[in-house]
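Engineer: Need coordinates for the following:
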Amino acid sequence: MSLFPLDLSSIPLISAADIDAMDLGTAIQLVQGQRAVLLEDLVKDQLKEIQDRNHKIQALNTTISSARELMSQFGEKDGTDKKISDLIEKEKKSIRNTEEWKADNENYRESQVKENGTAIQIQKEKQKSAHAEARNLSEELSLIRNSSENSRKIKEMKENIEKATREFNQASLEISKLEKIIDLEFNDGETKSGAYLENLKNSAMYANLEIDVKNRGELQTLVENIKSEIDTLSNTQQMDMVRLQNYTNKYNDTFEVRTNMLNKEHEVTSKINNNIR
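Structural biologist: Reported below is the predicted structural model:
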């Protein structure tokens, strides 16, 4: 059943002058109606605050669970200065020692060589062509006399030499990039510690927390701070529930008073009608 069964928004605001012009029953009805409107707003606002805190606590609980998952990856002898990045690197090294990873890595490198080998060869051809062009132009330029009639030709040849040099350098850069891609090792996906760290960052973002944990000590501090915030929110929520119950009781009381007044008016009217008959 809805807490707000009636539309109270249409109840007009009344002043002291309005009350003086009314009979007692009507005045009580309108005053109680106004009171119900105000209490309805209070109840709705309180419900929203409670719901917002519920979401906040839920997000913080998810964050602290993610932090504890990451904490579980540390060894008993690891100190507070033990870095999370060291955990991830240790897992990667362990993975790389497996025969399965070595086979996957070899297959990956072969596919990269196959995929990028043709592109490297194309760039090498461009590099060779640009080098030859620049060399030929330089030799030809050295044979031309520096005279006024040859100045335009000399300028044009120098521009072409610069263009060929840029093409050679660009081809060299592309070759370097492609060779680096081939040299990259096979990436088998995230490590367990890396996945836990990513979960922690995502859940913290959902909880509107800014975190930057690098080692075990900072992670422990984060867990303690989140626990403290959850306790504070839980205590506040208990007071919120008491306040909500108080507002709800008062809200219901206004309708009880109005209902009693209507019943009494109906009884009086019935008696008068019966006496008239």
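Engineer: so where do the helices sit in the stretch 1-150 of the chain?
Structural biologist: Along the stretch 1-150 of the chain, counting by DSSP state H, counting those that start in this stretch, helices occupy 16-20, 24-71, 84-96, 99-143.
Engineer: May I see those helices organised as JSON lines, with mean neighbour count added?
Structural biologist: In this view, the C-beta of every residue, glycine as well, is placed from N, C-alpha and C. Shown next, in JSON lines, are those (neighbours: other CB atoms under 10 Å):
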{"stretch": "helix 16-20", "mean neighbour count": "10"}
{"stretch": "helix 24-71", "mean neighbour count": "16"}
{"stretch": "helix 84-96", "mean neighbour count": "15"}
{"stretch": "helix 99-143", "mean neighbour count": "14"}
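Engineer: And the pLDDT for Ala204?
Structural biologist: pLDDT, Ala204: 88.
Engineer: and of the helices of the stretch 1-150 of the chain, who's closest to Thr248?
Structural biologist: Using CB to CB as the measure, helix 24-71 is the one of the helices of the stretch 1-150 of the chain that comes nearest Thr248, at 6.0 Å.
Engineer: how far does that closest one sit from the chain's center?
Structural biologist: Relative to the centre of its chain, helix 24-71 is centred 25 Å away, using CA atoms, centre = their mean, to the nearest Å.
Engineer: Show me what that helix is packed up against.
Structural biologist: Judged by 3 or more CB pairs under 8 Å, 6 or more residues apart in numbering; DSSP states H and E, the packing partners of helix 24-71 are helix 16-20, helix 192-206, helix 216-276.
Engineer: and that helix, average pLDDT?
Structural biologist: Rounded mean pLDDT across helix 24-71 is 81.
Engineer: gap between the residue most central in space within the chain and Glu106?
Structural biologist: For the chain, Met205 is the residue whose C-alpha lies nearest the centre (CA atoms, centre = their mean; 4.7 Å). According to CB to CB, to the nearest Å, Met205 and Glu106 sit 38 Å apart.
Engineer: Asn136 too?
Structural biologist: Note on Asn136: its distance to Glu106, by CB to CB, is 43 Å.
Engineer: what do you get for Gln73?
Structural biologist: Counting by CB to CB, the gap from Gln73 to Glu106 is 29 Å.
Engineer: for Gln58, same thing?
Structural biologist: From Gln58 to Glu106 the distance is 46 Å (CB to CB).
Engineer: can you pull the contacts of Ala204?
Structural biologist: Ala204 is in contact with 63, 66, 210-211, counting by CB atoms under 8 Å, 6 or more residues apart in numbering.
Engineer: ok so, going back, looking at the helices of the stretch 1-150 of the chain, which is closest to Glu179?
Structural biologist: Comparing the helices of the stretch 1-150 of the chain by CB to CB, helix 99-143 comes nearest, at 6.9 Å.
Engineer: what about Val213, which SS state?
Structural biologist: Of the three states, Val213 takes coil under DSSP: H, G, I helix; E, B strand; the rest coil.
Engineer: That one and Glu229, how far apart?
Structural biologist: Distance from Val213 to Glu229, by CB to CB: 16 Å.
Engineer: now Gln112
Structural biologist: From Gln112 over to Glu229 the distance is 48 Å, taken as CB to CB.
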